[in-house]
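K.L.:
Based on what follows, work out the 3D shape:
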Amino acid sequence: MRIGGQYVGLGVGDSSDEIREIKAYMRKKFSYAKGLADNGDYTTAVALVVTEMQRRYQASGKLPANKYIAGVINAETKYVMGYLERPVAPDTRGVFFTVCGTGAPWWMGPDGWMGPDADCARAVEHKYKWQPIGYPAAAVPMGPSIAAGRAELRSQFAVHRPRVEKFGAVLGGYSQGGVVVSECWEQDIKPADGVLHWAKPYIKKAVVWGNPCREKGKVFPDPGGPIAPPDTSGVATPLMVDTPSWWRNYAHKGDMYAASADDESREDKTAIWQIIRGTKVFSGPDNLLQQFLEVAKEPVPGAIGAFKAMFDTLVFFGSGTRPHITYDPRPAIDYLLAS
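P.N.:
A predicted model of the protein is given here:
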């Protein structure tokens with residue numbers, strides 16, 4: 001059927017084998033179509049049945065008013081009534097690899113995943129295919145957990161390589177997960193001999209919250225807390241180097257993991273981090289334990305760094321680690337959705 005010279009669908013006056021098939025389908029599915037003749041003619045009686053069918057689908061919210069002409073069977077009507085299967089649009093989304101923070105229940109499935117990384121991923125799933133990384137996310141010692149996360153991230157890159165090479169990838173991580181994605185970038189992707197170096201040109205953006213590997217001064221704000229001062233960095237060692245402009249580290253002032261001041265306490269805070277990670281730090285003349293054992297013999301200035309590190313740590317954990325758990329994913333969501 002044509003209106004104004006333009007084809008709009010099957011309508012009154014048309015006749016075809018397809019119309020016969022559609023009428024047979026309607027007789028089986030709709031009680032009010034039982035009386036339609038078993039032939040290929042599109043009569044006024046057919047148009048009335050089609051109009052009623054369209055009215056009901058529109059009332060149920062399945063057929064938008066601007067997608068059909070009453071009494072005419074177009075493609076949208078065929079899809080809604082179930083006569084034809086709607087074509088699936090090609091999935092052209094890049095991959096969003098996210099690594100959760102310590103203790104996040106990734107094994108519970110999407111509804112159980114928590115943290116800014118998961119909240120961000122859910123908000124941008126229409127643009128990025130979400131691939132969370134399953135790993136122990138263990139607290140202490142953290143080293144084996146980080147290694148397991150990094151290995152799984154490498155594995156998932158291999159699984160999704162065709163999509164990454166065609167549509168790109170984005171990295172996301174929170175807390176311990178930030179260490180995983182940072183170390184993967186620094187050791188597996190960025191180096192020319194890295195096992196994932198092939199992925200380097202396809203990584204478009206990265207969003208990381210509370211990153212212990214944050215490079216000094218490389219920080220972006222979020223509404224969850226005051227931004228980390230410019231003279232701070234993550235507490236881990238080694239830190240990221242030459243952080244790309246597209247990599248956004250969100251860090252709060254007072255977050256011991258992500259905003260360690262470059263003062264006399266930094267070395268000892270790093271030692272505390274190494275204890276958490278499981279690195280052997282109780283060796284050598286300048287380790288944290290030795291400083292405390294020798295504090296009675298040391299001049300007061302020599303113990304200031306160790307005491308300040310321990311005091312800051314106690315304050316951090318005593319406050320419920322608040323600066324580390326109040327990150328707001330909205331700026332990251334906006335960044336990822338921007339073209």
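K.L.:
Poorly predicted segments of the stretch 151-300 of the chain, please.
P.N.:
Within the stretch 151-300 of the chain, the set of residues satisfying pLDDT under 70 comprises 263-266, 268-269, 279-300.
K.L.:
what are the ranges of the strands in it?
P.N.:
169-174, 203-209, 232-233, 247-250, 260-261 (DSSP state E, counting those that start in this stretch).
K.L.:
Pipe those strands into TSV and attach mean neighbour count per row.
P.N.:
Every C-beta, even on glycine, is put in place using the N, C-alpha and C of the backbone. Shown next, in TSV, are these (neighbours: other CB atoms under 10 Å):
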stretch	mean neighbour count
strand 169-174	29
strand 203-209	26
strand 232-233	25
strand 247-250	24
strand 260-261	22
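K.L.:
Which one, of those, ends up nearest to Phe220?
P.N.:
strand 247-250 (4.6 Å; CB to CB).
K.L.:
how much space between Ser260 and Arg20?
P.N.:
For Ser260, the distance to Arg20 (CB to CB, to the nearest Å) stands at 76 Å.
K.L.:
no, scratch that, I was asking about Arg277
P.N.:
Arg277 sits 72 Å away from Arg20, going by CB to CB.
K.L.:
so Lys216 touches Ala228, yeah?
P.N.:
No: with contacts counted by CB atoms under 8 Å, Lys216 stays clear of Ala228, the gap being 10.0 Å.
K.L.:
Spell out which residues sit in contact with Lys67, please.
P.N.:
With contact taken as CB atoms under 8 Å, 6 or more residues apart in numbering, Lys67 is in contact with 74, 76.
K.L.:
mind giving me the domain split of the chain?
P.N.:
The record assigns the chain these domain ranges, following automatic domain parsing: 2-81, 94-261+324-337.
K.L.:
would you turn these into CSV with distance to Trp273?
P.N.:
As requested, those are exported to CSV (distance: least, CB to CB, whole Å):
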stretch, distance to Trp273
domain 2-81, 54
domain 94-261+324-337, 4
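K.L.:
Among those, show me which one is buried the most.
P.N.:
Most buried of the domains of the chain by mean neighbour count (mean count of other CB atoms under 10 Å) is domain 94-261+324-337; its value is a mean of 20.
K.L.:
okay, how far is it across that domain, tip to tip?
P.N.:
12 Å (CA to CA, to the nearest Å).
K.L.:
same deal with stretch 33-47?
P.N.:
Stretch 33-47 end-to-end distance (CA to CA) = 11 Å.
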